[in-house]
Every structure is written in C-alpha cells, then in structure tokens.
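In: Just a sequence and a predicted model for now, questions to come.
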Amino acid sequence: MSILDKLAERKDILSYIDFRIEILKCNIREVKKMPKSDRQKAVMKLTGRIRELESMREVINRHEEKKLSKKYWKEIKCQN
C-alpha cells in the first residue's frame, strides 16, 4: 500500500504534496553540486516533478480532483 492510499483527507494530501515539494527542492540543491555535465537532466526531472505536484495542489484546492480524475481516466481508457 502506497502512502497516497493511506491519505484520506484533502488536508493530508496537501500536506504530503508540500512535503514532497520541499524534498525535491532540497534535491535540486544537491544536484547543483554535481558536475555540470550531469546536472541539467537531473534538474529538469526534479523541476518537472515539482511542477506536477504544484498542479495537483491547485486542482485539490479548487476541489476538482474527482471531476478531473474521471476525465483523465476516460482519456486513458479511450487511448487503449
């Protein structure tokens, strides 16, 4: 069972998202200490994850998570 399966309330999910964003930001600081040749791809990945989490936070704050999850599910189902 993943951590997200255990989070039942909106406030728990928002807290988890904020926690993950802070961890990823710390990881970016660590990545910036890496050799320049390895740094760009790692920073791009972490930045993308942070943006995804921030987008999820916005959806949850607008109380649209159920509506959008149904929409995404239909889109994925139609692609298969």
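Out: Looks like it arrived, so ask away. Predicted model, so just to flag it, every value in this text is computed and none were measured.
In: ok, now which ones touch the residue nearest to the spatial centre of the chain?
Out: For the chain, the residue sitting closest to the mean C-alpha position, by CA atoms, centre = their mean, is residue 53 at 2.8 Å. The neighbours of residue 53, taking CB atoms under 8 Å, 6 or more residues apart in numbering as the test, are 17, 20, 21, 24. Where you see a C-beta, it was placed from the backbone N, CA and C, and this is true even at glycine.
In: next SSE after the strand or helix carrying the third one?
Out: It refers to residue 21. Assigned by DSSP states H and E, residue 21 falls within helix 10-31. Where DSSP H and E defines the elements, the next helix or strand beyond helix 10-31 is helix 36-61.
In: That next one relative to helix 10-31, how many degrees between them?
Out: Counting by axes from the mean of the first three to the mean of the last three CA atoms, to 10 degrees, helix 36-61 lies at 170 degrees to helix 10-31.
In: thinking again about what came up before, how about the helix holding residue 21: buried residues?
Out: 13, 16, 17, 20, 21, 24, 27, 28, 31 (16 or more other CB atoms under 10 Å).
In: what about it, average pLDDT?
Out: The average pLDDT within helix 10-31 is 91.
In: and it, what does it pack onto?
Out: helix 3-6, helix 36-61 (3 or more CB pairs under 8 Å, 6 or more residues apart in numbering; DSSP states H and E).
In: Residues contacting it, please?
Out: 3-4, 7, 39, 42-43, 46-47, 49-50, 53-54, 56-57, 60-61.
In: swap the cut-off to 6 Å and go again
Out: Identification of contacts with helix 10-31 by CB atoms under 6 Å, 6 or more residues apart in numbering yields 7, 39, 42, 43, 46, 49, 50, 53, 56, 57, 60.
In: Quick one, which of these are buried?
Out: The neighbour-count test (16+ other CB under 10 Å) applied to the contacts of helix 10-31 identifies 46, 49, 50, 53, 56, 60 as buried.
In: how about residue 63, secondary structure?
Out: Using DSSP: H, G, I helix; E, B strand; the rest coil, the secondary structure recorded for residue 63 is coil.
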